[in-house]
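Visitor: Let me see the structure of the following:
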Amino acid sequence: MAPTTNAQRAALFSLASLHVILCSGTAYGWTALRPVLLDAGLFAGATELGRARAMSWISTLGIAANALCKMPLGFVLDHAGPRFTAVLGGVMVLAGSALMALGDRESLPQMAAGYFLLGVAGPFVQMPTFQFTELYGAAGKGTAMSQLVTCFELSTGVFELMSVAYFSGSKEIFNLRAMFLAFSACGLFVAITAVLFWPDRPHRAPQVGGSGGAAPPAAPLAHLGIRAQLRSGAFWMAASFMCVHIFRQGFVLATLGPQMETFFPAKTAKTLSDAFSIVLPMGFIPMAILTAVGAAGAILKRPMFAFFFVTSLSMVYGGLLLVPNTYAFCALFVIFPLVRQLVFSTFFSYCASVFGYGAFGRISGVASTLAGTVQLSMSPFIGVVQEGGRWPFPETMDLASRWRAADVFLGCVPVFLLVAPAYYMSKSAPDGRDDDLDEAEKYSEAEEPLLSGDDRDPEAGVPNVPVPRSASHVSINRMHRIGSHVSSVGSARDKWEIYASVGSGAMGVSPASFAAVGSWMAGRGDRGPGVEVGSGSGTRAALAGRNSGFRSDSEEE
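Guide: Model (predicted):
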C-alpha cells in the first residue's frame, strides 16, 4: 500500500535513514576499530611487523571494496531491484560480522574476508534507500537527499561507539565477539525490513519537461558514445582526480593511528585517535555550513576552480601530517572530512554534467573501479614504510622519518592534478568567459543528437511510461514539477545510479554551468559533419515532444 500520510512517509524514510546509519559507511571507521582489534588480541601471535602488515591489509580490503563494488552493484540493482539488493547487503553485513566475531583471530584470510564483506555491504544497503527521497516530491527531495548523505557520515561512527563501549564498559559484556554478533543482528534487521518494505523494482520517474517547458541544457559530451567518452581527456582528468584522492584518503584512514603512535606519547596518541574517531562522523557539518551560505554551489558550478580548490585543500591536510603538533593534527581532523565530501561532490557533479545522465553510471563506475584497483597497492606501500630497509628507505632511516617521507611523497602527488585546471582557468580568463552560461547556450542549441545512436536511452522515445503500482507494494510518489536536473533527465537506470552518488543531487548544480568545461575536451572532430551551432529549434522541439507525456499521479488516477 502506498504511503499516503505524512506519518507513513516519515516512518518509511526514517527506516531508510536507519539502514544507512547502521551499515553504509562503517568500513571507514577503521581508525576507531583498530585499537579494539589490537586490544582483543587480533594476530597476537605474530611479530609486531607482521601484525601491522596484517592490519593494513584488512583496512585496505575493506575500504577498497567500497569502491570496487560500484559496477556490479549497478548491475544487481538494475536487474534484481532494490529489495534484493538491500537484502543482499544485509546478508553481507551479517556474514562479515559473524566472521569478525567467530573467526580465527590469527587467520588473516578470515578477518580480511569479514571486513571486506562489511565494505561491500555498505553501498548495497545505501543505494536502494535513495528511492525514498521521491516520497517528498520535488520540493523536499533535496533536503531528503542531504539527510541520507548526513546519515552516511554518521555511519562511520558505528565503530567509535564499539570502541567507547569496549574500553569503558565491562569486557565480559562488551567484548569483540559480543559486539560483532550484535552488529550481525543489524544486518539481519536490514534484510528483514527490506523484504517487508522495499520495492521489487526501482522507482521510474516519468520523463519531465512538458510541451511548454524548456529543455534542460545539454551535457557537452553526452552526444559521444561510451567508448569515446572513456577516451576523452575529461574522463581521464576526473578518473585521475578520483584515484589520487581515494588513495590518499585511504592512506590517512589506515595509517593515522600508527603515525600518531610514532610521533606522540602513548597517552596523547590515544587522545588524538579518539578525537579523530569522533570528528570524522561529524564531517558533514562544515559541508552543511558551506552549502547553507552558498559557497559549495559557487565552487561546484565552476568545475576547473573546484578541481583546483579541492586538490589544494587536500594538500593542506597532507602538509599538516608533517607537523608533529596536537593543534596541527586537530586542524587536520577538521579539514580531512570536509575534503572527503568535496572530492565526491566535485567528481559526481562534474561527470553528470559533462557526460550526461545517459552515461553517468558507467563513467562513475569505471572511475570508481580504477580508484579501487589503485588502492589495492596501498597495503604493500604501507608495508614498505613500516618494515624499512627496502627501497627507497635505507636501513638507517627510523620509522618516524619513513612516515614523514611517505607523507611528503603523497603530499606532492596531487601537484599534477593542478596542472590542467590551472591551464584552462588561465586560458579562459583573457577571453572573458567567466560566465559559463554563454558557452552552455551553444551546446544546448546544437542541432545534433545529445546521445549517439548506440548510447541513447531506449525508453527516451516513449512519451510516457507509466509505473504500475503492482511493481511494488510501496509505491513512490511521482514528481509533478521540474525541481531537480538530477531526477528529471536521463533514463530511469541512470537516475538510480546518480541517486547513489554522494553529493550528486543536493548541491543544485546545473549541467549548463559545466558546458564550457566539456567544450575543450569534446574535440572538434567529434561533433560530426554538418553540425552548426546556434539553431536549436529542432532539438528543442524534439525534446519537448519526447517529454510531452508527463502526467502526475493524480492525473493518471
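Visitor: Excluding residues flanking it in the chain, which one is nearest Ser155?
Guide: Gly25 (3.9 Å; CB to CB, 6 or more residues apart in numbering). In this view, the C-beta of every residue, glycine as well, is placed from N, C-alpha and C.
Visitor: and that neighbour, how many residues sit next to it?
Guide: 25 (other CB atoms under 10 Å).
Visitor: Identify the residues contacting it.
Guide: If you count contacts by CB atoms under 8 Å, 6 or more residues apart in numbering, Gly25 has them with Gly122, Gln126, Phe152, Glu153, Ser155, Thr156.
Visitor: min pLDDT across the residues you listed, which one?
Guide: pLDDT across these is at its lowest for Glu153, which sits at 80.
Visitor: pLDDT below threshold where in the stretch 151-300 of the chain?
Guide: 202-218 (pLDDT under 70).
Visitor: what about the strands in the protein?
Guide: Shown for the chain, no strands are assigned by DSSP state E.
Visitor: tally of neighbours for the closest residue to Val252 other than its chain neighbours?
Guide: Excluding the flanking residues, the one nearest Val252 by CB to CB, 6+ apart is Phe336, at 6.3 Å. The number of residues packed near Phe336 is 25, by other CB under 10 Å.
Visitor: residues contacting Phe336?
Guide: By CB under 8 Å, 6+ apart, Phe336 lies in contact with Gln249, Val252, Leu280, Gly283, Tyr317.
Visitor: so can I have TSV of those showing neighbour count?
Guide: Shown next, in TSV, are the contacts of Phe336 (neighbours: other CB atoms under 10 Å):
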residue	neighbour count
Gln249	21
Val252	22
Leu280	23
Gly283	23
Tyr317	24
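Visitor: Now stretch 409-417: average pLDDT?
Guide: 94.
Visitor: Buried residues, that stretch. List them.
Guide: Across stretch 409-417, burial judged by 16 or more other CB atoms under 10 Å covers Leu410, Gly411, Pro414, Leu417.
Visitor: what's the neighbour count on Lys270?
Guide: Using other CB under 10 Å, Lys270 is surrounded by 16 other residues.
Visitor: Relative to Leu38, how far out is Ala406?
Guide: Separation of Ala406 from Leu38 (CB to CB, to the nearest Å): 21 Å.
Visitor: more neighbours, the two?
Guide: Ala406 (21 against 15).
Visitor: so who does that one touch?
Guide: Phe251, Phe381, Val385.
Visitor: Would you format these as CSV with distance to Ser163 and neighbour count included?
Guide: Listed next are these as CSV, based on distance: CB to CB, whole Å; neighbours: other CB atoms under 10 Å:
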residue, distance to Ser163, neighbour count
Phe251, 21, 25
Phe381, 26, 17
Val385, 25, 23
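Visitor: could I get these as JSON lines with distance to Tyr327?
Guide: Output for the contacts of Ala406, formatted as JSON lines (distance: CB to CB, whole Å):
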{"residue": "Phe251", "distance to Tyr327": "22"}
{"residue": "Phe381", "distance to Tyr327": "28"}
{"residue": "Val385", "distance to Tyr327": "25"}
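Visitor: Let me know the closest of those to Ser345.
Guide: Comparing the contacts of Ala406 against Ser345 with CB to CB places Phe251 closest, at 21.0 Å.
Visitor: Am I right that that closest one is in contact with Phe409?
Guide: No: Phe251 is beyond contact range of Phe409, at 10.3 Å (criterion: CB atoms under 8 Å).
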